[in-house]
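Peer 1: dropping a prediction and its sequence here:
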Amino acid sequence: MAATVNSDEIEEETTSVSDHLGLLRELLNEDVVVAERPRTSRKPFVGIADMTPDQFKAYKARLQAERRARNKEQEAAGSLPFDSDTTRDALADAAIMLLYAGGSGATAILNYLGQVFYDKPGAPLTIAARIRTQALKPKLLKFAGKSS
């Protein structure tokens with residue numbers, strides 16, 4: 001819905017927010033400071049569609065190099081990468097610790113191990129025994145207690 005501005009000089013239709021802000025400034029006879037809506041992303045806008053194939057390739061290579069440098073810095077600081085391998089290791093460690101402590105959930109883990117090794121009926125109990133004798137230990141336990 002377009003608003004109409006009535007004036008003795010000109011009658012003109014407003015079609016955008018800036019026109020409405022201009023009207024407000026004119027009515028108040030002062031400069032109104034209006035905060036712009038924050039961008040949804042903090043990254044600068046990159047016109048990928050406007051890039052040539054060589055520019056796009058260079059852009060992707062730069063992003064990859066930045067990601068690798070960031071990962072190396074985190075690794076040097078003693079941080080683990082957040083990827084599928086470390087996630088699986090962390091989940092396996094959690095299962096090992098549950099089986100070692102015999103806490104709630106240990107039975108569910110043993111049942112699952114029984115399903116995985118369905119053709120080897122002694123496997124779940126052997127795994128539990130290896131955990132209790134500490135022959136099978138958590139892999140990432142040294143990282144579990146760290147906090148920044």
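Peer 2: Okay, I see it. Numbers count the residues shown, from 1 in each chain.

Peer 1: show me what the lengthiest helix in the chain is packed against.
Peer 2: Counting residues, the longest helix in the chain under DSSP state H turns out to be helix 53-76. Applying 3 or more CB pairs under 8 Å, 6 or more residues apart in numbering; DSSP states H and E, one finds that helix 53-76 contacts no other helix or strand. The C-beta positions use only the backbone N, C-alpha and C, and glycine is treated the same way.

Peer 1: buried ones in that helix?
Peer 2: The neighbour-count check on helix 53-76 (16 or more other CB atoms under 10 Å) flags nothing as buried.

Peer 1: the very next helix or strand once past that helix: which residues count as buried?
Peer 2: Under the assignment DSSP states H and E, the closest C-terminal helix or strand after helix 53-76 is helix 84-101. Buried residues in helix 84-101, counted by 16+ other CB under 10 Å: 90, 93, 95-100.

Peer 1: stretch 105-116 now?
Peer 2: For stretch 105-116, by 16+ other CB under 10 Å, it's 106, 109-110, 113.

Peer 1: send me that stretch as CSV with only the CA atoms.
Peer 2: Presented in CSV, the C-alpha positions along stretch 105-116 are these (Å, rounded to 0.1, in the frame of the first residue of the first chain):
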residue,chain,number,x,y,z
GLY,A,105,23.4,-47.4,29.8
ALA,A,106,26.0,-50.2,30.2
THR,A,107,23.4,-52.8,29.6
ALA,A,108,22.2,-51.0,26.4
ILE,A,109,25.8,-50.9,25.2
LEU,A,110,26.3,-54.6,25.8
ASN,A,111,23.0,-55.4,24.0
TYR,A,112,24.1,-53.3,21.1
LEU,A,113,27.5,-55.0,21.0
GLY,A,114,25.6,-58.3,21.0
GLN,A,115,23.7,-57.2,17.9
VAL,A,116,26.8,-56.0,16.1
